[in-house]
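A.B. asks: Structure for this input, please:
(4 chains)
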Number of protein chains: 2
Amino acid sequence: MATELFGQTGYRGTAIAEVAIRAGLTLPGLLHHFGSKEALLLAVIEQRDADSEAYATELLGREGQLRLPSIPDFAGRNKERPGLAKLFTVLVAESLEPNAPGHEHFVDRYRALRAIVADMIIAGQQDGRVRKDIVPKLKAAEILATLDGLQTQWLLDPDEVDIVESASAYAENLERDLTAGL
Amino acid sequence: MATELFGQTGYRGTAIAEVAIRAGLTLPGLLHHFGSKEALLLAVIEQRDADSEAYATELLGREGQLRLPSIPDFAGRNKERPGLAKLFTVLVAESLEPNAPGHEHFVDRYRALRAIVADMIIAGQQDGRVRKDIVPKLKAAEILATLDGLQTQWLLDPDEVDIVESASAYAENLERDLTAGL
DNA sequence: GTTCACCTACCGTCTTATAGGTAAGTGAAT
DNA sequence: ATTCACTTACCTATAAGACGGTAGGTGAAC
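C.D. replies: Model (predicted):
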C-alpha cells in the first residue's frame, strides 16, 4: 500500500493519510504502528530490500558465478511489477542529498551491490572466463548503472523502451565484452 | 537559484518562497514573474536545456560523428556543477508518473537524445567505423542509460564513485565494443 | 496617467503529529 | 470463574505549521 504510493508520488509527494486510508484505517491508526512518516519509509525500504536480495542472488547464480542470461529474466519480472521499480528509482533520487531520510541506506546498498558484482568479476577472471584487463570495481559500477538507466528510460517511456529487449541486448553485449579475446 | 533548490530537494520538496528569498524578493514578487510553481519549474527546465544541448553537440562533434573521448570531459564539467546534474536526476524521477509536471518534456528529451545517438551510430556504421551488427536504437538507449546511471551513483556516493574515472573507463569499453572485429 | 515591479496582509488547504478516549483482548490473582 | 491490571489497536478531535496563491496597494519609470 505504502509501497505503491511512495512509488507513484515519492516520499515527499505522498500523504501518509492516504496510505492509512488505503490500508483501511485512519492516519493516527497508521502512526500508532509506525510512529512517524520517516519510520514508515524505512519500513517500506526494508521490506523492499528482501526483494532486492533476489537481485544480487539472481545475477550471481548459486555459487558466485556470473549468470548473465538471468538479466533479462530479472527485467521481465520487474516489468510485471512496475510499482516496485518506480519506488526504487524515485527513492534513490530523493535520497541523493546527504541528509535525506534514506540516504545512508541507499549508499550502503549500492556499495554492497558493487562489491558483489565486482567479486563475481574477480572470480570470473580467476577462472579465466573473464578478460583480465577489466577493472572489476569500474565494471561493476557500469553494469549497475546501465541496468538502472535502462529501467529509468523504460519507466519514463514504456511505449518506446522495452525493458526486456534492452536488457537482453545489453546482456549479450556484456557477455561479448567480458570474454573478448578469450 | 531555483535550479539549485530544485536540484537539492526536488520539485515537491522545494518551497517557492525559499526560491524567492534567495533571489532577493518575496513570494508574490516571484509569482509576479512566473505565475505559478509549475511555470517556474518549466522555466528552470527550459533554461537547463540550453546546457543540455551541449550534451548532444559534444558527444556528436561538429559533423554528426561519434566523439567518444569527449565523454569524460563532459563528465568532468558536470563534476564542477553537481547541482545541475542533481537537478536532472531528481526531476526525471519526479516526472516518471504520466501526469507529473515535467513528464512530457523528459519523455520528448530522451526520445530526441536516443534518436541523435542512434543516428550517430548509423552514420558510423555507414562509414565502416562501427560494427554493423549493433542495433542503433538499443545501443543508444544503453549508452544514455550507462552515463545516467553512473552519474546517479556518483551523486549518491561521490567518495566511492569518481564520475570522470568511471566515464573514462566506459568510453574506452564503448570504443572497443563499437569497433570490435574491425 | 498608465504600466510595471514589487510589497504587505491574508486565505484556504494540506500535512504531520499529538491528546485523549474507547473497545477488545491477555494474563495473573483470587 | 471472575475480577483486576495492563496492553494493544484503533478512533475523534485538534493542534501547529507549511504551502501555493490572491487581493489590493505603493512607488518608480516612461
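
A.B. asks: all helices in chain A, in order from the N-terminus.
C.D. replies: For chain A, the helices defined by DSSP state H occupy A:2-9, A:16-22, A:27-34, A:37-60, A:70-80, A:82-94, A:103-127, A:136-156, A:163-179.

A.B. asks: Of those, flag the one that's most buried.
C.D. replies: Neighbour counts (mean count of other Cβ atoms under 10 Å in any protein chain shown) averaged over each of the helices of chain A peak at helix A:136-156, with a mean of 24. C-beta coordinates here come from the backbone N, C-alpha and C atoms, glycine included.

A.B. asks: what's stretch A:6-26 in contact with?
C.D. replies: The contact list for stretch A:6-26, computed with Cβ atoms under 8 Å, 6 or more residues apart in numbering or on different chains, reads A:1-2, A:4-5, A:27, A:29-31, A:37, A:40-41, A:44, A:83-88, A:90-91, A:94, A:101-102, B:9-10, B:12-13, B:93-94, B:97.

A.B. asks: Would you enumerate the residues in contact with A:Leu174?
C.D. replies: Neighbouring residues of A:Leu174 by Cβ under 8 Å, 6+ apart: A:68, A:71, A:143.

A.B. asks: coming back round to it: quick one: the helices of chain A as TSV, columns for distance to B:Leu113 and mean pLDDT too.
C.D. replies: Output for the helices of chain A, formatted as TSV (distance: least, Cβ to Cβ, whole Å; pLDDT from 0 to 100):
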stretch	distance to B:Leu113	mean pLDDT
helix A:2-9	25	85
helix A:16-22	35	94
helix A:27-34	41	95
helix A:37-60	27	80
helix A:70-80	21	87
helix A:82-94	18	90
helix A:103-127	24	93
helix A:136-156	10	97
helix A:163-179	15	94
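
A.B. asks: In a markdown table: those helices, plus distance to B:Asp108.
C.D. replies: Below are the helices of chain A laid out as a markdown table (distance: least, Cβ to Cβ, whole Å):
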| stretch | distance to B:Asp108 |
| --- | --- |
| helix A:2-9 | 22 |
| helix A:16-22 | 30 |
| helix A:27-34 | 39 |
| helix A:37-60 | 31 |
| helix A:70-80 | 23 |
| helix A:82-94 | 19 |
| helix A:103-127 | 29 |
| helix A:136-156 | 10 |
| helix A:163-179 | 19 |
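
A.B. asks: I figured A:Ala140 hits A:Arg114, correct?
C.D. replies: Yes. Counting by Cβ atoms under 8 Å, A:Ala140 touches A:Arg114, with 4.5 Å between them.

A.B. asks: How about the residues of chain A by DNA strand D?
C.D. replies: Proximity of chain A to DNA strand D, by Cβ under 7 Å from any atom of the strand, involves residues A:20, A:25-29, A:32-33.
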